[in-house]
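**Q** please find the sequence and the predicted model below.
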Amino acid sequence: MVKAIVAGAAGRMGGRIINIIHETEGIELGGAFERPDSPHVGQDAGVVAGVGELGVQVEDSLEKVLDKGDVIIDFTFHEASLNHARVAAEAKKPMVIGTTGFTDDELKEVHSLAQGNFPLVQAYNMSTGINLLYKLVELTAKVLGQGYDIEIIEAHHRMKKDAPSGTAIKLLDVASNAMGWKKDECARFCREGLIGERPQQEIGVQTIRGGDIVGEHTVLFAGIGERIELTHRASSRDTFAKGAVRAALWVVDKSPGVYDMHDVLGLR
């Protein structure tokens, strides 16, 4: 039986992850923690998540629960996740990180910590459908080639802190790599005023924030006379939580290094 440690146990994603762990064979909640000022510290993590008492108390740091689990699942905040990765590296403890908003330097450090120290599944979106979308975007871009303009449109709830979403950035990576373009040169995150004719090598990334939208991503390939739209809509955070739990079960016996959901799902 795999024992999981859940970071941010009282948060929206933390609660759903605890629920999915409770419903999944082969894994159980071993530890849970929150930031020190959380009012849920000291409470039963199962009660906080709405599944009833599990006998696992919410602690105020990763260090206090590190020896209670086999793998850490972290969907918190980029600065916190980096600190958790530092602790995991010292303890050689496997991790699953679905946190978004990392700076380039932060993500580079997270990956560096994993190399040689612990196995890490790091992905901005752990939905099975989204990871299939990555493959479809790659294939579509390669088949259609230069004759189609590419736009990425993402929508999320009004509380999301980072923009564009990590998933949209990943889609930009996939599309630009498939086209053989440099991401930093082709990405267009905002249009306003007299912008002139669209450049040949450009990928637009548009952001929508509102209400309680869980997550929607569309990649539009617009040609002359036709367009193709590839869309994924998440109606529940459970799709991300299920992917995270699947990744946790997969990563516990892997060698140190950086993996993603394509590894977990066998899409390589």
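**A** Received the coordinates, thanks.

**Q** and for G15, the neighbour number?
**A** Neighbourhood size, G15 [other Cβ atoms under 10 Å]: 20. Where C-beta positions appear, they are placed from N, C-alpha and C, glycine not excepted.

**Q** right, I mislabeled it, should have said G180
**A** 10.

**Q** for the longest helix seen in the chain, packing partners?
**A** In the chain, taking DSSP state H as the definition, the longest helix is helix 128-144. Using 3 or more Cβ pairs under 8 Å, 6 or more residues apart in numbering; DSSP states H and E as the contact test, the elements touching helix 128-144 are helix 166-179, strand 215-222, strand 227-234, helix 238-251, helix 261-265.

**Q** the same query, at a cut-off of 7 Å, please.
**A** Of the remaining helices and strands, those touching helix 128-144 by 3 or more Cβ pairs under 7 Å, 6 or more residues apart in numbering; DSSP states H and E are helix 166-179, strand 215-222, strand 227-234, helix 261-265.

**Q** nearest to N117, out of those?
**A** Set against N117 and scored by Cβ to Cβ, these come closest in helix 261-265, at 17.6 Å.

**Q** re the thing from before, right, and the helix or strand after the longest helix of the chain?
**A** Of the helices and strands lying after helix 128-144 in sequence (DSSP states H and E), the nearest is strand 149-156.

**Q** which outside residues touch that next one?
**A** 141, 164-165, 167-168, 171-172, 175, 198, 203-209, 213, 215-222 (Cβ atoms under 7 Å, 6 or more residues apart in numbering).

**Q** please pick the buried ones from those residues.
**A** Of all the contacts of strand 149-156 considered here, the ones buried according to neighbour count by 16 or more other Cβ atoms under 10 Å are 141, 164-165, 167-168, 171-172, 175, 203-207, 213, 215-221.

**Q** reformat the helices and strands packed on helix 128-144 as JSON lines; add mean pLDDT and distance to F102.
**A** Output for these, formatted as JSON lines (pLDDT from 0 to 100; distance: least, Cβ to Cβ, whole Å):
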{"stretch": "helix 166-179", "mean pLDDT": "96", "distance to F102": "8"}
{"stretch": "strand 215-222", "mean pLDDT": "97", "distance to F102": "18"}
{"stretch": "strand 227-234", "mean pLDDT": "96", "distance to F102": "21"}
{"stretch": "helix 261-265", "mean pLDDT": "92", "distance to F102": "16"}
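
**Q** among these, which comes closest to W250?
**A** Shortest separation from W250 across those is recorded for helix 261-265, at 4.8 Å, computed as Cβ to Cβ.

**Q** any buried residues in that closest one, and which?
**A** Of all the residues in helix 261-265, those buried under the rule 16+ other Cβ under 10 Å are M261, D263, V264, L265.

**Q** for the residue nearest the centre of the chain, give me its contacts.
**A** The centroid of the chain falls nearest to Y124 when counting by Cα atoms, centre = their mean (2.4 Å). Applying Cβ under 7 Å, 6+ apart, one finds that Y124 lies in contact with T100, G166, T167, I169, K170.

**Q** could you dump the helices and strands packed on helix 128-144 to JSON lines with distance to L194?
**A** As requested, the helices and strands packed on helix 128-144 are arranged in JSON lines below (distance: least, Cβ to Cβ, whole Å):
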{"stretch": "helix 166-179", "distance to L194": "25"}
{"stretch": "strand 215-222", "distance to L194": "21"}
{"stretch": "strand 227-234", "distance to L194": "25"}
{"stretch": "helix 261-265", "distance to L194": "41"}
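
**Q** tell me the gap between stretch 197-211 and the middle of its chain.
**A** Taking Cα atoms, centre = their mean, to the nearest Å, one finds stretch 197-211 lying 21 Å from the centre of the chain it belongs to.

**Q** ok, now stretch 126-142?
**A** Relative to the mean C-alpha coordinate of its chain, stretch 126-142 is positioned 14 Å out (Cα atoms, centre = their mean).

**Q** again with stretch 86-106
**A** Relative to the centre of its chain, stretch 86-106 is centred 12 Å away, using Cα atoms, centre = their mean.

**Q** go on, stretch 194-203?
**A** If you compare the mean C-alpha spot of stretch 194-203 with that of the full chain, they lie 30 Å apart, counting by Cα atoms, centre = their mean.

**Q** tell me the average confidence for it?
**A** On average, the pLDDT along stretch 194-203 is 95.

**Q** nice, that's everything, thank you.
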